[in-house]
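**Q** Sequence plus predicted model, see below.
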Amino acid sequence: MAIMYALKSSDNEIFEVEQKVIEQSETIKKMIEDGAATGEIPLQVSSKTLAKVLEWCKQRQHKTVENENDDNKGKRKKERDEDDDIKEWENKFSDELKADKDVLFDLLLASNYLDLPALLSFLCQLVADMVAGKMPEEIRRMFNIENDFTPEEEKAITAEHGWAFQP
Amino acid sequence: MIYRSCCTAKEGEVDRISALPEPILQHILSFLPFKEAAHASLLSKKWKEAWDTLPVLSFDESVFTLDLWDLKPEQSDDKPSRVRRRKKKLFERLEKILEKRRKELISIDKLSIYIEVSNQKEFLSFVDRCTCYAIESNVKELKFEFGTLGRIWYNVPGSIFQAHSIDILKLSGCKLELLRSNVKLNSLRKLCLEYVYAENYAVENFLGGCPSIEELLLSSCKGFKILELFNVVKLNTIKLRCSSQLEQVEINALNVHFIELSDISVQCEFNLTACKNLKSLKLRYLLVSDEWLYNQVSELPVLEYLNITWCMKLRAIFIASSRLKRLSIGTCKKLFEIKIEAPNLTSFKYDGEMISFSSNTPDTILETDLFLDSQKMGTRWYAKYIELLAKFNRSSTMMNLRSEIGQV
């Protein structure tokens, strides 16, 4: 029987999760090792975000270390199909996050707090892909970033960094 | 002023991205190409600060001139000089950024530079200066990749080999000429050399100056014919790939637990028997003999994992190992017989033609994964197949069987 742990979200919802799934989080792993997790493990993450985090962790769990080391060449059709399934799942996951940026940012903060490096990298790459190839004005509009430079400051920065736009 | 914001953020909508902790913003920036990451510094003060102290800098010169390559000769008759001018500007920029970092004592964790060397000797002095600034900013990870299209090998500046801060060093397309006294990489833990030209003495001197090295990867390297690894007490992982010139590999490293040998010339002789703590051995595209395999494996007392693929000289192999737990053999086309004496073997994977298999203790094998390929699947083939399955059937709780004609 797999060992189960109960995680409690910040809005008091309980999630029953297998140890193998949740130990991907260094933060929770440490809590378990320190013996702080005798009953429910309280987390500063909302139930909506935690559900998403666990969705990711469950998917990741199937990726074994051995698979990551091997290159594609020696792989059989079945294994390649599994890779395709993971890709497809990741694409769906990314599309949902792109559509709801609030969930994306909640997830970014949660992956940082729970110390899930793979999820954090995945999300940062996702944001980078969203930003890539766009002009500052477009990026500002996309994320509601306020331009807080004074005109003088902006002039100086453009002089310093404007090279990046010159053909 | 073209970049001046025409409007501020919409009422009621919050800027959540800028509220992220700076390390996360920098993590995002690290996934952007150099130029695009620089764009971000124009967004707001918070983003400018994140870029100015970004600890990871990655510079790939080829992406800056991609658009120019599409120009047809009639559209631009001065294409080469335009490319050169633009590259020069970009290198000047990189140099200024690194110079500023050094002056303001902002440390750099990782610097990677990719540059096409062919016909651009003039840019190499930029690379040399950038390297010096990065070293003075205590860079921990350095990665240099030089295109070797023009067959010019970049001569690495000597200061790299004296940099105490470097923890990880990756060089590609370079030439190494080193004296023993010139190498003092006391913190270096991981070294990757790809498409590097170094003669025997240079490799020896290099490794002699890396007392803390834990991981070594040599791939597609040229020049040296002998690789002898002695006195490398901390070394735990060795990967040797694609070498057509190696003639002798002698590894005497007591703490090595992982070795991969892949695609190395026919005439090369390997001796791993001094690696008494080796746990994992991976052999790919290697023309080793049945005897060699038997002798090496028998001398490795704690070997637990053995993976053999595409070794076309193996025919009838005998593996005797007291601790071996997992054995995986794939696509060794000449192989027809496997004999095993491994009391602790729990997992056996095989992928290839029909074989005859015998083991003195098949009862311990809990997991079997067989994938049999064959052009001729006649009655005799099936008889052998059934015989083979019977051998595993007693013990295996998990058995995956596949063949080219589908699931069995």
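**A** The structure has been received and is ready for your questions.
**Q** ok, which residues in the stretch 301-408 of chain B are in contact with chain A?
**A** Where the stretch 301-408 of chain B comes near chain A, counting by Cβ under 8 Å from any Cβ of the partner chain, the residues are B:309, B:330, B:331, B:351, B:371, B:402. Heads up, the C-betas are built off the backbone N, CA and C, glycines and all.
**Q** Please repeat the previous calculation with a cut-off of 7 Å.
**A** Taking Cβ under 7 Å from any Cβ of the partner chain as the measure of proximity, the stretch 301-408 of chain B contacts chain A at B:309, B:330, B:371.
**Q** repeat for chain B
**A** Chain B has residues B:1, B:3-5, B:8-10, B:13-18, B:20-21, B:24, B:27-28, B:31-32, B:35-36, B:38-39, B:41-45, B:48, B:89, B:93, B:309, B:330, B:371 near chain A, with proximity defined as Cβ under 7 Å from any Cβ.
**Q** what separates the host helix or strand of residue B:87 from the chain centre, distance-wise?
**A** Element membership of residue B:87 [criterion: DSSP states H and E] is helix B:79-103. Between the mean C-alpha location of helix B:79-103 and the chain-wide mean there is a distance of 29 Å, by Cα atoms, centre = their mean, to the nearest Å.
**Q** What of stretch A:109-128?
**A** 3 Å.
**Q** do the same with stretch B:176-196
**A** Stretch B:176-196 has its average C-alpha position 16 Å from the chain's average C-alpha position, going by Cα atoms, centre = their mean.
**Q** Straight-line length of that stretch, end to end?
**A** Terminal residues of stretch B:176-196 are spaced 7 Å apart (Cα to Cα, to the nearest Å).
**Q** where does chain A dip in pLDDT?
**A** For chain A, applying pLDDT under 70 flags the ranges A:1, A:36-38, A:62-80, A:161-167.
**Q** which residue is nearest the centroid of it?
**A** Centroid check for chain A by Cα atoms, centre = their mean gives residue A:119 as the closest residue, at 3.4 Å.
**Q** which ones are touching the closest residue to that one other than its chain neighbours?
**A** Across the structure, with Cβ to Cβ, 6 or more residues apart in numbering or on different chains as the measure, the residue nearest residue A:119 apart from its sequence neighbours is residue A:111 (4.1 Å). With Cβ atoms under 7 Å, 6 or more residues apart in numbering or on different chains as the criterion, the residues that contact residue A:111 are A:119, A:120, A:123.
**Q** The second one belongs to a helix, doesn't it?
**A** Yes: going by DSSP: H, G, I helix; E, B strand; the rest coil, the assignment for residue A:120 places it inside a helix.
**Q** so the residue nearest to it when sequence neighbours are not counted, which of the three states?
**A** The shortest distance from residue A:120 to any residue that is not its chain neighbour, by Cβ to Cβ, 6+ apart, is 4.3 Å, and that residue is residue A:111. Of the three states, residue A:111 takes helix under three-state DSSP.
**Q** Would you point out which residue of the stretch 51-200 of chain B is nearest chain A?
**A** residue B:93 (5.5 Å; Cβ to the nearest Cβ).
**Q** That residue: how many residues sit nearby?
**A** A total of 18 residues lie near residue B:93 under the criterion other Cβ atoms under 10 Å in any protein chain shown.
**Q** mind checking pLDDT for residue B:37?
**A** Reading off the per-residue confidence, residue B:37 sits at a pLDDT of 85.
**Q** My read is that it contacts residue B:51, right?
**A** Yes: distance between residue B:37 and residue B:51: 6.3 Å, which falls inside the contact criterion (Cβ atoms under 7 Å).
**Q** What are the buried residues along the single longest helix found in chain A?
**A** Among the elements of chain A assigned as helix by DSSP state H, the one spanning the most residues is helix A:77-99. Counting neighbours by 16 or more other Cβ atoms under 10 Å in any protein chain shown, one finds that the buried residues in helix A:77-99 are A:93, A:94, A:97.
**Q** Fine by me, we can end here.
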